[in-house]
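1. A structural model of the following input is requested.
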Amino acid sequence: MDSTGILPKFRVNRPLTEWERDKHLKQKKRLDVKLIAQLSVIRMNSRWLESVDRNYGTRGFITMFSLVLVAFCLYATFSLLWLVVGGSVPNENSLWPVIFTSSAVFFLMALGFLWITHKEVFRYTHYPLLFDRAHRKVHVFRFDGSVLSVAWDDVYFTLGRGTSPANMMNWDVRGMVLDADRSTVRETFALAIVTGSEENALGHWEFIRRYMEEGPQSMIEAVRFCMPIWDKKETSAFARERTFANQSQEKGGAWLLLAPFSFLQSLGRMLAMATSKIPRWPPEVAAIMTTDPQDPNNRDASINPPDLQ
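-> Next up is the predicted model:
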């Protein structure tokens, strides 16, 4: 799974790369691609659209993977110590110092992996993005709980790729806040898609772009589901549904082979969600999020099947 943006964080205070210039996405340029909502919308209407973050769909992977490594390191720590305590290994040829040192290394590794778990556990359930069409602004809920507010027209959008060797083939869409020189990156956020296809990434960008530039009537048909997390945490049943949805497009029997892994990830997701806080927009942003009951473009989790509301 690709957790770019959380681990590792996006690089900032640097110049734009040639790749980012070449893949620049312009707000006024319409793309002829299939629109992809990517299970991103929480709520929307004619004035604003609230979306989940890039890593919402894979939430739980860091927790699951890190806790497995914590368990392994602790097992190794106490197994080595038991060799001494149980008298299985005599103190010959300086074996005990080697065992104690190895135990200490494994224990420190366990603490390190436990720290990585904190990237998801005891944080926020998600990090929403608010696309304020009425005022042409974008509000981004940061990982530390603060909020970035920036004019839609001032954001430099571009395609991005995963950072690790295992994820470098993934595509996403990134918004960058540039310095006055329009070439130095000061802050980066990402839209709610991670995909192995450049076309899919462009499809999600166009989904958001059309909302902001052309209005909800130009993209609302792509909104078939809304994430049932407005002002509440997702249920355990939905956590499983959202985790397994990541593998739903796998060809052949690949999804079946990945099912045990997805099950473990869903447990990590449930733990991460149960221990995390619901994000709250500050008053000045929340005041923007008014709704008109007569608005034909109102969408929220009430459009979902009953078991996904």
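2. Helix or strand: which one has the residue most central in space within the chain?
-> With distances taken as CA atoms, centre = their mean, the residue of the chain nearest its centroid is residue 55 (0.9 Å). Using DSSP states H and E, residue 55 sits in no helix or strand.
3. Give the full set of residues in contact with it.
-> Counting by CB atoms under 8 Å, 6 or more residues apart in numbering, residue 55 touches 3, 5-6, 127, 194. Placement of C-beta: from N, CA and C, glycine included.
4. With residue 44 instead?
-> For residue 44, the contacting residues are 50, 211, 216, 220, 223, 226, 297-300, by CB under 8 Å, 6+ apart.
5. Check the contacts of residue 55 and tell me the two furthest apart.
-> Based on CB to CB, the longest span within the contacts of residue 55 runs between 127 and 194 and measures 14.2 Å.
6. residues in contact with the helix or strand hosting residue 116?
-> If you go by DSSP H and E, residue 116 is part of helix 95-117. If you take CB under 8 Å, 6+ apart as the criterion, helix 95-117 is touched by 7, 62-63, 66-67, 69-70, 73-74, 76-78, 80-81, 83-84, 89.
7. Of those, select the buried ones using a PyMOL command.
-> Per 16 or more other CB atoms under 10 Å, the buried members of the contacts of helix 95-117 correspond to this PyMOL selection:
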select buried, resi 7+62+63+66+67+69+70+73+74+76+77+80+81+84
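8. Now do the end-to-end distance for stretch 173-186.
-> Terminal residues of stretch 173-186 are spaced 17 Å apart (CA to CA, to the nearest Å).
9. mind listing what's buried in the helix holding residue 116?
-> Going by neighbour count (16+ other CB under 10 Å), the buried part of helix 95-117 is 99, 103, 106-107, 109-110, 113-114, 116-117.
10. sorry, back to before: among the contacts of helix 95-117, which are located in strands?
-> Taking DSSP state E, every one of these sits outside strands.
11. Out of the contacts of helix 95-117, list just those in helices.
-> Judged by DSSP state H, the contacts of helix 95-117 include 62-63, 66-67, 69-70, 73-74, 76-78, 80-81, 83-84 as members of helices.
12. Where does pLDDT dip in the chain?
-> For the chain, applying pLDDT under 70 flags the ranges 164-167, 248-252.
13. residues touching residue 218, list them.
-> Residues in contact with residue 218 (CB under 8 Å, 6+ apart) are 210-211.
14. what do you get if the cut-off is 10 Å, keeping everything else the same?
-> Shown in contact with residue 218 (CB atoms under 10 Å, 6 or more residues apart in numbering): 30, 35, 206-207, 209-211.
15. Taking those, please make a PyMOL selection of just the buried ones.
-> In PyMOL, a selection of the buried entries from those looks like this (16+ other CB under 10 Å):
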select buried, resi 35+206+207+209+210+211
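16. which of the contacts of residue 44 has the most neighbours?
-> Among the contacts of residue 44, residue 211 has the most neighbours (other CB atoms under 10 Å), with 26 neighbours.
17. Okay, that residue and residue 197: tell me how far apart.
-> Separation of residue 211 from residue 197 (CB to CB, to the nearest Å): 21 Å.
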